[in-house]
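Peer 1: Make a model of this:
(one chain, ligands or ions: 2)
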Amino acid sequence: MFLRPFKSGRKKTPVQWDAVWINAAAFNQCTRRAEARVLKMLATTAQHRVLGTSSSTLAKAATAPFKVTAIRRSSKGIRASTSVRASLSTNGKPTVLVAEKLGAGGVEMLKEVADVRTVLNMTKEQLLENISTVDAIVIRSATKVTREVFEASKGRLRVVGRAGVGIDNVDLTAASETGCLVVNAPTANTIAAAEHGISLLTALARNVAQADASMKAGGWDRTTYVGVSVVGKTLAIIGFGKVGGEVARRAKGLGMTVIAFDPYASEERAAAVGVKLVSFDEALATGDFFSLHMPLTPTTKNLFDDAAFAKIKKGSRIINVARGGVIDEAALARALDAKQVAGAALDVFAQEPPAADNPLVNRKDVICTPHLGASTKEAQEEVSYEIAEAVVSALNGELTSSVVNAPMVPPEVLKELAPYVGLAQSLGHAAVQLVDDHGFSEVHITYHSPRGDLLDSRLLRANVVRGILQQITTSQVNIVNADLLAKKRGVRIVETVVPSEGAAVLNSLEVAIVSRASRFSSAVNGRGQISVSGAVKSGKPFLTQIGDFDVDLATEGEVLLVRQNDQPGIIATVASELAKKEINISFMSVGRTGRGADAIMAIGIDGSPDKELLGAISSVRGVQETAALSNLRA
Ligand SMILES: NC(=O)C1=CN([C@@H]2O[C@H](COP(=O)(O)OP(=O)(O)OC[C@H]3O[C@@H](n4cnc5c(N)ncnc54)[C@H](O)[C@@H]3O)[C@@H](O)[C@H]2O)C=CC1
Ligand SMILES: O=C(O)C(=O)COP(=O)(O)O
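Peer 2: Ligands and ions are numbered 1, 2, ... in the order given. Below is the predicted model:
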């Protein structure tokens with residue numbers, strides 16, 4: 001059965017599940033008709049079970065051998081969330097610190113899987129004190145997650161969830177170095193920010209705030225506050241992303257001509273909204289109104305400085321709902337003094353809240369709001385869901401397209417690569433376990449892919465390296481810091497893409513470790529490297545080659561490798577040794593290089609073989625060597 005997850009602005013992709021858990025709190029808000037429709041749909045599909053509505057049912061489902069998905073109701077329809085299921089597999093609840101006001105729906109969602117501690121308005125010292133006791137923190141724009149904070153977490157903090165878009169208040173380098181995932185909610189407040197931009201545009205044009213203040217002070221002044229019309233005027237949007245695009249559409253509706261400066265925006269996307277992309281200088285010279293919608297980066301910091309204001313059309317107006325730091329506030333004050341700029345509407349400030357001596361806040365030609373762009377009831381509820389899902393996924397080490405400090409790829413590529421991620425990690429796991437003394441400094445990853453050089457391998461590479469390092473370091477390793485940790489250990493990663501035929505994005509993957517010796521010499525290939533290869537079959541990762549031997553086994557659980565002469569009777573004897581220890585065989589694959597030549601037996605077993613058992617198997621006549629690989633599941 002398919003229900004569609006609703007994510008505004010994103011491609012809707014169907015989600016499939018085997019069982020459904022209904023979140024009572026959220027579902028109660030459903031209209032009866034919607035509820036009846038969903039339940040009917042579930043009931044008609046026999047293989048899908050409705051598990052119930054309480055969290056205790058959900059907890060019981062933790063051990064269920066099927067995939068459980070939560071569904072909930074949002075203002076946009078019925079949402080499906082697969083992240084809940086994954087959270088069930090962890091032992092012990094993680095602790096999530098909610099450090100800023102978050103919508104109730106998202107908090108409830110977090111509470112289903114984590115101990116949630118809400119501490120608002122913390123001082124820096126309180127944050128430093130609290131941070132080492134939590135696994136994740138959820139913030140908005142007011143909390144600064146600096147290097148000092150990451151260091152104070154002493155490695156415990158695994159996820160920073162930014163309930164909004166801008167991540168300029170998080171030290172991403174420090175986050176990556178400490179292996180902490182940073183996720184945001186990139187889409188849920190787009191409309192709110194755009195609407196606030198338009199409110200400020202019209203309020204600025206018609207002196208709404210000033211006239212209101214004057215009336216409240218007892219006045220009735222119908223001359224000072226004469227405004228300007230927006231129809232027919234040119235709006236220059238700086239930063240034509242999600243918010244910029246929505247502002248453009250709305251401004252078109254007001255009869256404005258819209259141009260935009262954004263070095264990374266596509267002409268087609270702009271043309272689709274009837275917007276002309278122009279250079280920065282052309283925008284400055286042409287705009288009657290400026291609306292800023294770019295992120296704060298080293299390039300955009302103080303983009304609007306004295307030089308920019310000097311080029312601006314005299315008497316233009318500027319609206320900033322992006323980040324305070326993109327405007328040099330002192331330069332804007334000077335431009336206002338010189339009437340070069342006729343007025344400004346600011347939602348954001350270089351320092352928030354602004355200092356008492358801020359040169360702009362108290363001016364009559366400037367209207368201000370205290371960073372309210374994302375603050376609508378609707379947006380905050382949606383943001384809370386979007387961030388709660390992302391945080392839960394990240395805590396489970398799952399892939400989420402809103403991770404901002406990992407080798408992330410666009411959602412469509414992410415979806416396509418998802419089945420290979422587990423394979424990459426399992427192969428890394430397997431290869432490193434075959435190294436004799438863990439002394440190695442080079443790993444070769446070979447992708448056999450029809451994409452050739454166009455294959456975006458960053459995510460796969462990170463997962464191979466993660467699979468390798470997880471076995472040999474006590475540091476927390478994830479896709480964020482895997483490459484960094486490998487580099488620190490002096491391990492060189494060499495990647496090769498071999499073009500091959502086929503419809504899948506990847507036909508096979510080989511992980512080869514250059515090492516002095518292997519604890520299973522048969523794993524050494526003709527090039528003298530310890531190698532394992534694998535492929536995804538019917539959506540599941542399989543080990544397909546060890547050294548030069550073909551094998552065929554799902555990368556699940558424990559695996560026993562036995563190199564033997566190709567002669568009758570050995571398989572049965574090995575099986576009976578396992579039976580003596582009451583170890584169950586879950587699957588078996590035998591590969592050989594030719595008839596009568598040596599063969600490798602790869603046996604999937606339920607349980608870990610001890611030294612005694614390995615010794616007994618090694619002494620079976622015809623067995624040349626054995627090795628056990630533990631927990632190949634990614
Ligand atoms: N005031 C508020 O409450 C809110 C503020 N924001 C802020 O609005 C801004 C835009 O958000 P979104 O549209 O969601 O982000 P987005 O990532 O969709 O769009 C940002 C755009 O800026 C462009 N850009 C990057 N560098 C640039 C440069 N040097 N010059 C011109 N354009 C450049 C990018 O190419 C991108 O198209 C962000 O700074 C975000 O933090 C967003 C939501 C609420
Ligand atoms: O999403 C953003 O970038 C915002 O600026 C919204 O900030 P807030 O979450 O309201 O503190």
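
Peer 1: any idea how far Ala356 is from the residue lying closest to Lys364 once chain neighbours are set aside?
Peer 2: Leaving aside its sequence neighbours, Lys364 sits nearest to Gln210 (Cβ to Cβ, 6 or more residues apart in numbering; 6.1 Å). To be clear about C-beta, it is placed using only N, CA and C from the backbone, and glycine gets the same treatment. With distances taken as Cβ to Cβ, to the nearest Å, Gln210 is found 21 Å from Ala356.

Peer 1: More neighbours: which of these two?
Peer 2: The neighbour comparison of Gln210 against Ala356 (other Cβ atoms under 10 Å) goes to Gln210, with 20 against 7.

Peer 1: Just the local confidence number for the more buried one, please.
Peer 2: Looking at Gln210, its pLDDT is 98.

Peer 1: can you check the one 4 residues further on too?
Peer 2: Ser214 carries a pLDDT value of 98.

Peer 1: Domain map for the chain?
Peer 2: For the chain, the TED database gives the domain ranges 95-187+381-396, 189-368, 407-547, 557-633.

Peer 1: out of those domains, deepest packed?
Peer 2: domain 95-187+381-396 (a mean of 21; mean count of other Cβ atoms under 10 Å).

Peer 1: Determine how far the last residue of it lies from the first.
Peer 2: Using Cα to Cα, to the nearest Å, the end-to-end distance of domain 95-187+381-396 comes out at 13 Å.

Peer 1: Determine the set of other helices and strands touching the stretch of helix or strand Ala430 belongs to.
Peer 2: Using DSSP states H and E, Ala430 falls within helix 411-433. Where contact means 3 or more Cβ pairs under 8 Å, 6 or more residues apart in numbering; DSSP states H and E, helix 411-433 is packed against helix 458-472, strand 508-515, strand 530-537, strand 540-546, strand 623-629.

Peer 1: residues contacting the residue of the chain found nearest ligand 2?
Peer 2: In the chain, the residue that lies nearest ligand 2 is Gly164 (2.6 Å; Cβ to the nearest ligand atom). Applying Cβ atoms under 8 Å, 6 or more residues apart in numbering to Gly164 gives the contacts Arg140, Ser141, Asn184, Ala185, Asn189, Ala374, Val383.

Peer 1: Do I have it right that Phe520 meets Leu561?
Peer 2: Yes - here Phe520 reaches Leu561: they are 5.7 Å apart, a contact under Cβ atoms under 8 Å.

Peer 1: Mutual contacts of these two, please.
Peer 2: Taking Cβ under 8 Å, 6+ apart as the criterion, Phe520 and Leu561 both touch Ile546, Thr626, Ala627.

Peer 1: I'd like to know which of those residues is nearest to ligand 1.
Peer 2: Ile546 (45.0 Å).

Peer 1: Okay, and the beta partners of the closest one?
Peer 2: Under DSSP bridges, the beta-bridge partners of Ile546 are Val532, Phe549.

Peer 1: OK, contacts around it?
Peer 2: Ala430, Leu434, Phe520, Ser522, Ala523, Ser531, Val532, Leu561, Gly591, Ile600, Ala602.

Peer 1: before we move on, what about Arg117?
Peer 2: Counted by Cβ under 8 Å, 6+ apart, Arg117 has contacts Thr95, Val96, Leu97, Val98, Asn130, Val134.

Peer 1: As a markdown table, the residues you listed with secondary structure, distance to ligand 2 and pLDDT would be great.
Peer 2: Listed next are the contacts of Arg117 as a markdown table, based on DSSP: H, G, I helix; E, B strand; the rest coil; distance: Cβ to the nearest ligand atom, whole Å; pLDDT from 0 to 100:
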| residue | secondary structure | distance to ligand 2 | pLDDT |
| --- | --- | --- | --- |
| Thr95 | strand | 22 | 97 |
| Val96 | strand | 17 | 98 |
| Leu97 | strand | 16 | 98 |
| Val98 | strand | 13 | 98 |
| Asn130 | helix | 19 | 96 |
| Val134 | coil | 19 | 97 |
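
Peer 1: need the next SSE after the helix or strand hosting Ile259, C-terminal direction.
Peer 2: Per DSSP H and E, Ile259 falls inside strand 257-261. Moving toward the C-terminus from strand 257-261, the next helix or strand (DSSP H and E) is helix 267-272.

Peer 1: my guess is His448 is in a strand, correct?
Peer 2: Yes - per DSSP: H, G, I helix; E, B strand; the rest coil, His448 lies within a strand segment.

Peer 1: That one contacts Asn507, doesn't it?
Peer 2: Yes - using Cβ under 8 Å, His448 is in contact with Asn507, at 4.4 Å.

Peer 1: what residues do these two have in common as contacts?
Peer 2: Going by Cβ under 8 Å, 6+ apart, residues that sit against His448 and also against Asn507 are Ser500.

Peer 1: Roughly how far does whatever residue of the chain ends up closest to ligand 1 sit from Leu292?
Peer 2: Using Cβ to the nearest ligand atom, the closest approach of the chain to ligand 1 is made by Gly241 at 1.7 Å. Taking Cβ to Cβ as the measure, Gly241 falls 11 Å from Leu292.

Peer 1: try Asn481
Peer 2: In this view, Asn481 and Leu292 are 34 Å apart by Cβ to Cβ.

Peer 1: just Ala572 next, same as before
Peer 2: Using Cβ to Cβ, Ala572 is found at 75 Å from Leu292.

Peer 1: next one: Val574
Peer 2: According to Cβ to Cβ, Val574 stands 70 Å off from Leu292.

Peer 1: Get me the contact residues on the protein for ligand 1.
Peer 2: Residues of the chain lying close to ligand 1 (Cβ under 6 Å from any ligand atom) are 164-166, 189-190, 193, 238-244, 261-265, 293-295, 297, 299-300, 321-323, 347-348, 371, 373-374.
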